[in-house]
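Asker: Predicted structure and sequence below. I'll ask about it afterward.
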Amino acid sequence: MSVGGGFGDVRSRGVAWAPELPTHWKTAPAWSIARPVRRPPAVDDGIVTAFRDGEVTLRSLRRSAGFTEAVQEHGYQGVRRGELVIHSMDAFAGAIGVSDSDGKMSPVAHIYSIPAGEPRYFALLLRIMAQRGYIESLAKGIRERSTSFDRATFRSLRLPVPPTEEQSRILRFLDQETAQIDAFIAKNEELVVLLAERRDSLWTELYDDAATAGRLVPVRRLVASIVDGPFGSSLTSAHYSTSGTRVIRLGNIGVNEFKPADEAFISTEYGAQLATHAARAGDVIVAGLGDERMPLGRACVLPDIGPAIVKADCYRVRPNRLVSAEYLAWILSAPPTRGQMRLLARGTTRLRLNTSVVRDVRVPVPSASLQAELVARFGGRSDKIDTAMSKAKHGIELARERRAALISAAVTGEIDVGMAV
């Protein structure tokens, strides 16, 4: 594999997002490369979905929960294995790939055959365009993060076209190289899961100690007040500012830790209008939405970050004298409590908490001295686990960055894979 000058001169030929291409590569409009496919679905076709990570597969093979189900499948179309799929609404986020299954798709998916090329090569190429923000810059839409990458826009794109044989070599090279990276990522993801299970086991053990020494008490008896955030529609992008009142969002709420990186502000004047949603240092913030990565009901103590309000789906809980803020955040984030919250939560596609649910959650409340002891014991014993998890997650992040950079370099001709496979 050679890099830079070893691959010959580069030149720009109307490909705005990747101006430097090998001299022997051609460029062509997308309409001459990709042929639209329109076919009615078969009666027994399963639903195929284009996911943002580039996988296009039967929904039943990946997950079936969390989707909006169509009452009537108007406009659904048949897709076949090996066809290029572009999700018109989510293309900007990478929902582009080659279907690995026969099935049917909603009309927001655009389906193409590639008669004289490798569909996987062009799928990777388009995903690089999405990662570089070029597709979003072209897409049509009236709301932020709600766009439409329509057929006409795609047809007018000018794309790099390496010789078909070279497209195949690029794919073989990437299959070989990314397999090693993927194996490393999978190994570290397994390690993260094992460490999380060990941490939860420790947490549950200490929770049991609290339950043995104390009594179960509903949260409503442990708080001076509890408020939720304003409805999302009342806090729009127009209200955000570069400084002023800090907005506490779901991304700030870790499992028993505050995550400061997700910064957002509204003006001090508008913050004053939302004073009923105010939060201060020492309050406990609870997440009313969650997923497998960041679970529902996780809680943290708010540090001193100045004037703040909680956003929609976040709950500010102000503890009374019966519990410390540190203990309340710790016990709410404990696996048994989060399990209880899942049972009490409401929702069809996504489980959601509300203030009445949070108030009804029951937690063990031992003496103040034991509360402090349990929090300290957990912190002391979990530090090594957390450090190991952080290292594994960092390794995964670096590997994914390496994978993305390698794919980008290969499909845009920055590296010559001619002798690599």
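Answerer: It's in.
Asker: Please put the alpha-carbon coordinates of stretch 115-123 into PDB.
Answerer: Extracted as PDB, the C-alpha positions of stretch 115-123 are listed here (Å, rounded to 0.1, in the frame of the first residue of the first chain):
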ATOM      1  CA  PRO A 115     -25.100  -2.000 -13.300                       C
ATOM      2  CA  ALA A 116     -21.400  -1.300 -14.000                       C
ATOM      3  CA  GLY A 117     -19.800  -1.100 -10.600                       C
ATOM      4  CA  GLU A 118     -19.600  -2.200  -7.000                       C
ATOM      5  CA  PRO A 119     -22.700  -1.100  -4.900                       C
ATOM      6  CA  ARG A 120     -20.700  -1.400  -1.700                       C
ATOM      7  CA  TYR A 121     -18.000   1.000  -3.000                       C
ATOM      8  CA  PHE A 122     -20.600   3.700  -3.800                       C
ATOM      9  CA  ALA A 123     -22.400   3.200  -0.500                       C
END
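Asker: For that stretch, give me every contacting residue.
Answerer: 33-35, 54, 82-84, 96-98, 112-114, 159, 161-162, 164, 167-168, 170-171, 411 (Cβ atoms under 8 Å, 6 or more residues apart in numbering). (Each C-beta comes from the backbone N, C-alpha and C, glycine too.)
Asker: Pull out the buried members of those residues.
Answerer: Among these, those scoring as buried are 33-34, 54, 83-84, 96-98, 112, 114, 159, 161-162, 167-168, 170-171, 411 (criterion: 16 or more other Cβ atoms under 10 Å).
Asker: Out of those, which sit inside helices?
Answerer: Among these, the residues falling in helices (DSSP state H) are 167, 168, 170, 171, 411.
Asker: can you pull the contacts of the first one?
Answerer: Contact criterion Cβ under 8 Å, 6+ apart gives 117, 118, 121 as the residues in contact with residue 167.
Asker: so of the buried ones among the contacts of stretch 115-123, which ones are in strands?
Answerer: Within these, residues falling in strands by DSSP state E are 84, 96, 97, 98, 112, 159, 161.
Asker: with these in mind, which one is nearest to residue 334?
Answerer: residue 97 (39.4 Å; Cβ to Cβ).
Asker: looking at it, that closest one is touching residue 55, isn't it?
Answerer: Yes - between residue 97 and residue 55 there is a contact under Cβ atoms under 8 Å: 5.9 Å.
Asker: Domain boundaries for this structure, per the record?
Answerer: Per automatic domain parsing, the structural domains of the chain span 26-161, 215-365.
Asker: The first one: end-to-end distance?
Answerer: It stands for domain 26-161. 5 Å (Cα to Cα, to the nearest Å).
Asker: Would you mind checking the average pLDDT for stretch 24-38?
Answerer: Averaged across stretch 24-38, the pLDDT comes to 95.
Asker: Ignore what I typed, I meant stretch 338-354.
Answerer: 82.
Asker: Report the buried residues of that stretch.
Answerer: Here stretch 338-354 shows 338, 340, 341, 344, 345, 351, 353 as buried, counting by 16+ other Cβ under 10 Å.
Asker: Show me what the host helix or strand of residue 217 is packed against.
Answerer: Here residue 217 sits within strand 215-218, counting by DSSP states H and E. Strand 215-218 sits against strand 362-365, with contacts defined as 3 or more Cβ pairs under 8 Å, 6 or more residues apart in numbering; DSSP states H and E.
Asker: List the strands paired with the strand it packs on, with their directions.
Answerer: strand 215-218 (antiparallel) (DSSP bridges).
Asker: and the partner strand, how far from the chain's centre?
Answerer: Offset of strand 215-218 from its chain centre (Cα atoms, centre = their mean, to the nearest Å): 35 Å.
Asker: Which strands or helices does the helix or strand following that strand pack on?
Answerer: Sequence order places strand 223-228 as the next helix or strand after strand 215-218, per DSSP H and E. Judged by 3+ Cβ pairs under 8 Å, 6+ apart, strand 223-228 is in contact with strand 314-319, helix 355-360.
Asker: So which residues make contact with strand 223-228?
Answerer: Contacts of strand 223-228 (Cβ under 8 Å, 6+ apart): 219-220, 276-277, 288, 310, 312-320, 354-355, 358-359.
Asker: same thing with stretch 193-204?
Answerer: 334, 335, 336, 378, 381, 382, 385, 386, 388, 389, 392.
Asker: returning to that earlier point: nearest to residue 213, out of the ones in strands among the buried ones among the contacts of stretch 115-123: which one, please.
Answerer: Of those, the one sitting nearest to residue 213 (Cβ to Cβ) turns out to be residue 97, at 53.8 Å.
Asker: contacting residues around that closest one?
Answerer: Counting by Cβ under 8 Å, 6+ apart, residue 97 has contacts 50, 51, 54, 55, 56, 84, 85, 123, 127.
Asker: for it, which residues make a bridge with it?
Answerer: Bridge pairing for residue 97 - DSSP bridges - gives residue 85.
Asker: Point to the helix or strand of the protein where mean pLDDT is at its lowest.
Answerer: Every helix and strand in the chain was compared by mean pLDDT, DSSP states H and E; the lowest is strand 2-3, with a mean of 39.
Asker: thinking again about what came up before, make JSON lines from the ones in strands among the buried ones among the contacts of stretch 115-123 and add distance to residue 301 and pLDDT to it.
Answerer: Formatted as JSON lines, those follow (distance: Cβ to Cβ, whole Å; pLDDT from 0 to 100):
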{"residue": "84", "distance to residue 301": "49", "pLDDT": "98"}
{"residue": "96", "distance to residue 301": "42", "pLDDT": "97"}
{"residue": "97", "distance to residue 301": "42", "pLDDT": "97"}
{"residue": "98", "distance to residue 301": "47", "pLDDT": "98"}
{"residue": "112", "distance to residue 301": "52", "pLDDT": "98"}
{"residue": "159", "distance to residue 301": "51", "pLDDT": "94"}
{"residue": "161", "distance to residue 301": "56", "pLDDT": "95"}
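Asker: can you give me the helices in the stretch 251-400 of the chain?
Answerer: 268-273, 325-333, 335-344, 355-360, 368-411 (DSSP state H, counting those that start in this stretch).
Asker: How far away from the center of its chain is the last one?
Answerer: Here helix 368-411 is found 17 Å from its chain centre; the criterion is Cα atoms, centre = their mean.
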